[in-house]
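> let's see this in three dimensions:
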Amino acid sequence: MSVEAHRELKKNQDLRITVMGLGHVGLPMALGLAELGWPTIGADEDSKKVASLSSGKSPFYEPGLQDLLSRHLNNGRFIPTDDLEGAIRASNVMFVCVGTPQRSNGEADLSQVESVARKIGRNLDGYKLIVEKSTVPVITARWIKKTVQRYAKVPVLTGPEGEDSGNAELEFDVASNPEFLQEGQALQNFFHPDRIVCGVESERAWEILEEIYRPLQCPVLRTDLNTAELIKHTANAFLATKISFINMVADLCEKVDADVTQVVEGIGRDPRIGPHFLSPGIGFGGYCLPKDVRAFVHMAETCGVDFSLLKEVERVNQQRVARFLSKVRNALWVLNGKVIGVLGAAFKPNTDDIREAPSLRIVEGLLAEGASLQLYDPNAMPGVRNVFPPENYPIRYCSSPYEVAEGAHAVLVLTEWEEFRGLDLLRLREAMDVPVLVDGRNVYRPEAVRAAGFEYISIGR
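Numbering: from 1, shown residues only. Next up is the predicted model:
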């Protein structure tokens, strides 16, 4: 079905939705809206991605995503297109889910957001609600408004000093509706959210977002634009702080012969703290947390606010890879010429995403010291192969964890896939040349691993 056919389909209905950007946020968002019953256009400038989606193939792994894609392509509720301007004209509600990559100084690169705002302005042909979904620094919504006004081909109502008056008659509104989707749980998060945050300036925008999200029957927090933008960065920065904090405590546990897993249980039962994001290991990675911490620090510094606490959070996280490599050296002495098995490469389970994954820095460190690697990940190996092609690096890409263990002098656990928790440890041990297991995610119980004949090294235990 074409974009024009979608316009015809919805001509007698009020809301016509487009999701701009079909990455790890935009695609689950678009398919989630389709599942709620909203016919949705998914617009992305990447024609190869759109072609893949149109043929029924998701461009990345996310549990449940492929099934939703097949269902809503077939029933016509989801229409992928690379015609962004046509999608804008066909819609009156647009969720902006484009990337905000990081510049070298930590600042968010908002060029994709600005590009979308310009396109919306040039194609403004009636009322439109522009919903900022990408993770952006505070006051980005103001710039989106100003950009749409500048590029609009028809006059728009403005208030004092050229600012939007916020009246319902305006031809467009901007809202901030930050996403809280976790890779590996994106659809679960979409359909069962803890809360939905809507930063709005008009009743019209508020009523539209209320209508869209009503089927989810969850708490909806109404705020102003700036507050909504700050909520997302604040949430991610706090989660990153919890991870770095417990990693610091894990290091202390190793020094004083204590067990960090019991420390976590002891503090996690306190309702003021809770158990979530208190898993010690090789550090946080992925596209969101590292980038958002740096962007938050940069934004605070431009406002003259001291965010040195978050600088320390990042410093602790950056040290995790070096500390883990030190554990491997202490276990094997010399790495040069050793065969090391690697279980896991994705930055977290249930995704194929390796962006800023600490596992890649560990792989790089092992290769630099002359080790040969045998690697397995249930979904992320194609991405790792692109970074470390076997014709250029001594890496063997394996079909199972047991193949990883064949002749290995050690096996390292770098991602806590559920598949790894259920391994036959005796079989794994029998395949290895030297029974050393270095667990960077505390997947196993020490007594069970040692009973299987391993020398076992974990984090904070």
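> please state the offset of stretch 451-459 from the chain centre?
Averaging C-alpha positions (C-alpha atoms, centre = their mean, to the nearest Å) puts stretch 451-459 32 Å from its chain's average.
> so where's the stretch 1-150 of the chain uncertain?
1-13 (pLDDT under 70).
> in it, which spans are helices?
Listed in chain order, the helices of the stretch 1-150 of the chain (DSSP state H, counting those that start in this stretch) span residues 3-9, 26-35, 47-54, 65-74, 84-89, 111-122, 140-151.
> so if we follow the domain assignment, how does the chain break up?
Following automatic domain parsing, one finds the domains of the chain at 3-223, 319-457.
> Phe307 is nearest to which of the ones you listed?
Proximity to Phe307 (C-beta to C-beta) singles out domain 3-223 among the domains of the chain, at 10.7 Å. For glycine as for every other residue, the C-beta is placed from the backbone atoms N, C-alpha and C.
> tell me the contacts of the nearest residue to Lys291 once chain neighbours are set aside?
Excluding the flanking residues, the one nearest Lys291 by C-beta to C-beta, 6 or more residues apart in numbering is Gln102, at 4.6 Å. By C-beta atoms under 8 Å, 6 or more residues apart in numbering, the contact set of Gln102 is Ala108, Asp109, Lys291, Arg294, Ala295.
> mind putting the helices of the stretch 1-150 of the chain into JSON lines with distance to Glu265?
Shown next, in JSON lines, are the helices of the stretch 1-150 of the chain (distance: least, C-beta to C-beta, whole Å):
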{"stretch": "helix 3-9", "distance to Glu265": "52"}
{"stretch": "helix 26-35", "distance to Glu265": "32"}
{"stretch": "helix 47-54", "distance to Glu265": "43"}
{"stretch": "helix 65-74", "distance to Glu265": "34"}
{"stretch": "helix 84-89", "distance to Glu265": "49"}
{"stretch": "helix 111-122", "distance to Glu265": "42"}
{"stretch": "helix 140-151", "distance to Glu265": "40"}
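> now the domains of the chain as TSV including distance to Val263?
Shown next, in TSV, are the domains of the chain (distance: least, C-beta to C-beta, whole Å):
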stretch	distance to Val263
domain 3-223	24
domain 319-457	12
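> so which of these is nearest Arg269?
Nearest to Arg269, of all the domains of the chain, is domain 319-457, at 18.3 Å by C-beta to C-beta.
> centre of the chain versus that closest one, how much separation?
Averaging C-alpha positions (C-alpha atoms, centre = their mean) puts domain 319-457 23 Å from its chain's average.
> do stretch 196-214 as well
Computed by C-alpha atoms, centre = their mean, the chain-centroid distance of stretch 196-214 equals 24 Å.
> which positions within that stretch qualify as buried?
By neighbour count with 16 or more other C-beta atoms under 10 Å, stretch 196-214 contains the buried residues 196-202, 204-206, 208-209, 212-213.
> so of the helices of the stretch 1-150 of the chain, which one's packed in deepest?
Each of those was scored by mean neighbour count; the highest is helix 26-35, a mean of 26, by mean count of other C-beta atoms under 10 Å.
> residues contacting the nearest residue to Ala380 once chain neighbours are set aside?
Distances taken as C-beta to C-beta, 6+ apart put Ala346 closest to Ala380, at 4.0 Å, once the chain neighbours are dropped. Ala346 makes contacts with Asp352, Asp353, Ile354, Ala357, Ser359, Asp377, Asn379, Ala380, Thr415, Trp417, as judged by C-beta under 8 Å, 6+ apart.
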